[in-house]
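Participant: I would like to see how this sequence folds:
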Amino acid sequence: MNIKFNRNEDYNKLKWAEVQQKLEKIYLGGGKKRIEKEHAKGKMTARERIAYLLDDDKEQIEIGAFAGYDMYAEHGGCPAGGVVVKIGYINGRQVIVVANDATVKAGAWFPITGKKNLRAQEISIENNLPIIYLVDSAGIYLPLQDQIFADKEHFGRIFRNNAVMSSKGIIQIAAIMGSCVAGGAYLPIMSDESLIVDKTGSIFLAGSYLVKAAIGEDIDNETLGGATTQTAISGVVDHKAKNDKDALNKIKNIFNKIGEFEKAGFNRTTPKEPAKNPEEIYGILPESRQEPYDMYEIINRLIDADSFDEYKADYGKTLITGYARIDGWAVGIVANQRKIVKNARGEMQFGGVIYSDSADKAARFVMNCNQKKIPLVFLQDVTGFMVGSRSEHGGIIKDGAKMVSAVSTSVVPKFTVVIGNSYGAGNYAMNGKAYDPRLMIAWPTSEIAVMSGAAASKVLLQIEEAKLKKQGETITPEKEQALLDKIQNDYNRQISPYYAAARLWTDAIINPLETRKWISMGIEMANHKPITERYNVGAIQT
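Facilitator: Presented below is the predicted three-dimensional model:
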């Protein structure tokens, strides 16, 4: 290994170590003191509940751990969005679990909490994946109620989804393990089956204080909506549990008896390890986002050995397309080649840029995968589409539109891995968040933005200087540098993987070595839902 490889390896391992350090703090939720308070009440924390519920001998992945990161500082923060979401297994059956974190503002819903809950339901709906809600929430966080209550994608959408999911036959189980009040009371009761923990669980439309204020009735919360009331008197809840573990055991028993469902039937064979050592990815990825590298070297460390069958290898070389296997699952790979390449006419093409020929190739490949019922995996490290007179005269907009159309109308499940750059329209064509990836994951080296920080900073600097000159200000070299530094710092913060993950533009920042696990579990998840739509090739311009 050379010095450059070692330098890259050190840099990328440090990037992942930084992610781990931030995650360790996030995993504490509202902090150790609040965790101790939950334990003193006889309650488990959200993460402890999930750990007990899911099979410990099976893989798990967490959705949105960075949700709310570096947001809501004036409100004390909202680690992980105040809710923990994991995909794992109960008695060998894949499920998604949503658990309110009562250590974070008593489990109150911030705007990002609502967005994360909706993302969990979206995953469940897209994949017919059973969903379990572990409810322990004080309801909407009132200081921010205007950002979570009234709009289409706000709090009420959760309950609308409950009804839609039940109508589709998607299993929903809810355990009331703490406070469940006001509008939030609808979520567990609109689920298919509900449980409540005695003495610590309660559910009502209005708590005792509000009841006293509204109608003058003097009653305590336990009598109003505790476990005995809601199971034996009202019949609102189906099962009463003695404690948290008893409730979780009852859920395990429910899943132990659920029958099989129709599958999509994606192709899988016996998994093989990659032909090349995945740990070498750390040394292959360059420290600079502008530096070229060979994407084939990354692919060969992600896919099963001897499984790659490339499509149109000599055409449109800035995009790599081909059939492969990941953990035994058949996949179609669309990846940005980051090396400078030479086309058949001997012309040099920049790595990471989508040209007309590569867009045309990718569109046709996506169509082929849809015809063959092969899930798609997009490996993003893209700076955008090629610009300039030659590209415009060659019809880059038409070819780009063809690729976007093919990706947009695809009916097979799609998965996106943001390895490095994800800029401009390249983000869209390579199956960005707006194009419904079943999972969208990012490596610590990822950057999502309209354009790179360097390019954007120059544009923004020109705009700012023009404004100051109109106001009669003189721009000295020192002032220009100070302006540029401020612009770059602000922009670089916005293109970091943490900024994207905090807003759920990506589902997770992951260790590159876990990419195979995420894709494999994602395809297994997608396999729960048969494909009933037909892929209409005629809708795509040719």
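
Participant: now do the contacts for the nearest residue to I284 once chain neighbours are set aside.
Facilitator: The shortest distance from I284 to any non-neighbouring residue, by C-beta to C-beta, 6 or more residues apart in numbering, is to E297 (5.1 Å). Just so you know, the C-beta spots here come from the backbone N, C-alpha and C atoms, and that holds for glycine as well. Listed by C-beta atoms under 8 Å, 6 or more residues apart in numbering, the contact partners of E297 are K276, E280, I284.

Participant: so the second one: helix, strand or coil?
Facilitator: With DSSP: H, G, I helix; E, B strand; the rest coil as the basis, the three-state label of E280 is helix.

Participant: I'd like the numbering to begin with 53 instead of 1 from here.
Facilitator: Okay, using 53 as the starting number, the last item reads as E332.

Participant: what's around it, how many residues?
Facilitator: 18 (other C-beta atoms under 10 Å).

Participant: do you know how far it is from Y345?
Facilitator: 12 Å (C-beta to C-beta, to the nearest Å).

Participant: distance from the chain centre to stretch 467-483, please.
Facilitator: 14 Å (C-alpha atoms, centre = their mean, to the nearest Å).

Participant: in it, what's buried?
Facilitator: 467-483 (16 or more other C-beta atoms under 10 Å).

Participant: from these, which land in strands?
Facilitator: Among those, the residues falling in strands (DSSP state E) are F467, T468, V469, V470, I471, G472, N473, S474, Y475.

Participant: okay, and the beta partners of V233?
Facilitator: Beta-bridge pairing for V233 (DSSP bridges): F256.

Participant: just the pLDDT at it, thanks.
Facilitator: V233 is assigned 84 on the pLDDT scale.

Participant: so it makes contact with V187?
Facilitator: No. The pair V233 and V187 does not pass the contact test of C-beta atoms under 8 Å, sitting 10.2 Å apart.

Participant: if you count surrounding residues, which of those two has more?
Facilitator: V187 (26 against 20).

Participant: surely that one is in a strand?
Facilitator: Yes. Counting by three-state DSSP, V187 is found in a strand.

Participant: and stretch 112-124, end to end?
Facilitator: From its first residue to its last, stretch 112-124 covers 28 Å (C-alpha to C-alpha, to the nearest Å).

Participant: what helix or strand does the residue nearest to I336 sit in?
Facilitator: helix 347-351 (DSSP states H and E).

Participant: dump that helix to PDB, keeping only the CA atoms.
Facilitator: What follows is helix 347-351 as a C-alpha-only set of coordinates in PDB (Å, rounded to 0.1, in the frame of the first residue of the first chain):
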ATOM      1  CA  MET A 347     -15.500   3.400  -8.700                       C
ATOM      2  CA  TYR A 348     -14.900  -0.200  -9.900                       C
ATOM      3  CA  GLU A 349     -12.600  -0.600  -6.900                       C
ATOM      4  CA  ILE A 350     -15.500   0.400  -4.600                       C
ATOM      5  CA  ILE A 351     -18.000  -1.900  -6.400                       C
END
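
Participant: could you point out which element follows that helix?
Facilitator: Counting by DSSP H and E, what follows helix 347-351 is strand 361-362.

Participant: run the chain-centre distance for that following strand.
Facilitator: Using C-alpha atoms, centre = their mean, the offset of strand 361-362 from its chain centre is 29 Å.

Participant: before we move on, what about stretch 415-430?
Facilitator: Remark: stretch 415-430 is offset 22 Å from the chain centroid, using C-alpha atoms, centre = their mean.

Participant: any buried residues in that stretch, and which?
Facilitator: 415-422, 426-430.

Participant: and which of these is nearest to F402?
Facilitator: F430 (19.3 Å; C-beta to C-beta).

Participant: so where's the stretch 153-302 of the chain uncertain?
Facilitator: The stretch 153-302 of the chain contains no residues with pLDDT under 70.

Participant: and the strands in it?
Facilitator: For the stretch 153-302 of the chain, the strands defined by DSSP state E, counting those that start in this stretch occupy 183-189, 224-233, 245-249, 254-256, 291-293.

Participant: got a markdown table for those strands, with distance to Y375 too?
Facilitator: What follows is the strands of the stretch 153-302 of the chain, written out as a markdown table (distance: least, C-beta to C-beta, whole Å):
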| stretch | distance to Y375 |
| --- | --- |
| strand 183-189 | 32 |
| strand 224-233 | 36 |
| strand 245-249 | 42 |
| strand 254-256 | 51 |
| strand 291-293 | 48 |
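
Participant: go through the ones you listed and name the closest to A284.
Facilitator: That would be, of the strands of the stretch 153-302 of the chain and by C-beta to C-beta, strand 291-293, which comes in at 7.9 Å.

Participant: show me what the closest one is packed against.
Facilitator: On a contact count with 3 or more C-beta pairs under 8 Å, 6 or more residues apart in numbering; DSSP states H and E, strand 291-293 meets strand 245-249, helix 279-280, helix 296-307.

Participant: try 10 Å
Facilitator: strand 224-233, strand 245-249, helix 279-280, helix 296-307 (3 or more C-beta pairs under 10 Å, 6 or more residues apart in numbering; DSSP states H and E).

Participant: so which of those is the most packed in?
Facilitator: Comparing these by mean neighbour count (mean count of other C-beta atoms under 10 Å), strand 224-233 ranks first with a mean of 26.

Participant: what's the angle from it to helix 296-307?
Facilitator: 150 degrees (axes from the mean of the first three to the mean of the last three C-alpha atoms, to 10 degrees).

Participant: what residues does G208 make contact with?
Facilitator: With contact set as C-beta atoms under 10 Å, 6 or more residues apart in numbering, G208 has these partners: G166, I200, F201, A202, G235, Y238.

Participant: the first one: how many residues sit nearby?
Facilitator: G166: 24 surrounding residues under other C-beta under 10 Å.

Participant: where does the nearest residue to it once chain neighbours are set aside fall, phi/psi-wise?
Facilitator: Distance criterion C-beta to C-beta, 6+ apart; nearest residue to G166, sequence neighbours excluded, is I200 at 4.9 Å. Backbone torsions for I200, taken as degrees, to the nearest 10, come to phi -140, psi -10.

Participant: sorry, back to before: pick the one among the contacts of E349 closest to R209.
Facilitator: Looking at the contacts of E349 and their distance to R209, the nearest is I336, at 42.2 Å (C-beta to C-beta).

Participant: would you confirm that the closest one contacts E343?
Facilitator: No. The pair I336 / E343 is not scored as a contact, 11.0 Å apart, by C-beta atoms under 10 Å.

Participant: more crowded one of those two?
Facilitator: Neighbour comparison, I336 and E343: the larger count goes to I336, with 19 against 13 (by other C-beta under 10 Å).

Participant: show me the contact partners of stretch 320-328.
Facilitator: Taking C-beta under 10 Å, 6+ apart as the rule, stretch 320-328 contacts 332-333, 336, 349-360, 377-382, 568, 572, 575-576, 579.

Participant: sort out which of those residues are buried, if you could.
Facilitator: 332-333, 336, 349-356, 359-360, 377-379, 381-382, 568, 572, 575-576, 579.

Participant: spatially, which two of the contacts of G208 are the most separated?
Facilitator: A202 and Y238 (16.0 Å).

Participant: the more surrounded of the two?
Facilitator: Y238 (19 against 10).

Participant: what sits against that one?
Facilitator: F207, G208, I210, F211, R212, N214, A215, C232, I255, L257.

Participant: which of the residues you listed are buried?
Facilitator: Buried among the contacts of Y238 (16+ other C-beta under 10 Å): F207, G208, I210, F211, N214, C232, I255.

Participant: ok, so of those residues, who is nearest D153?
Facilitator: Nearest member of these to D153, counting by C-beta to C-beta, is C232, at 14.4 Å.
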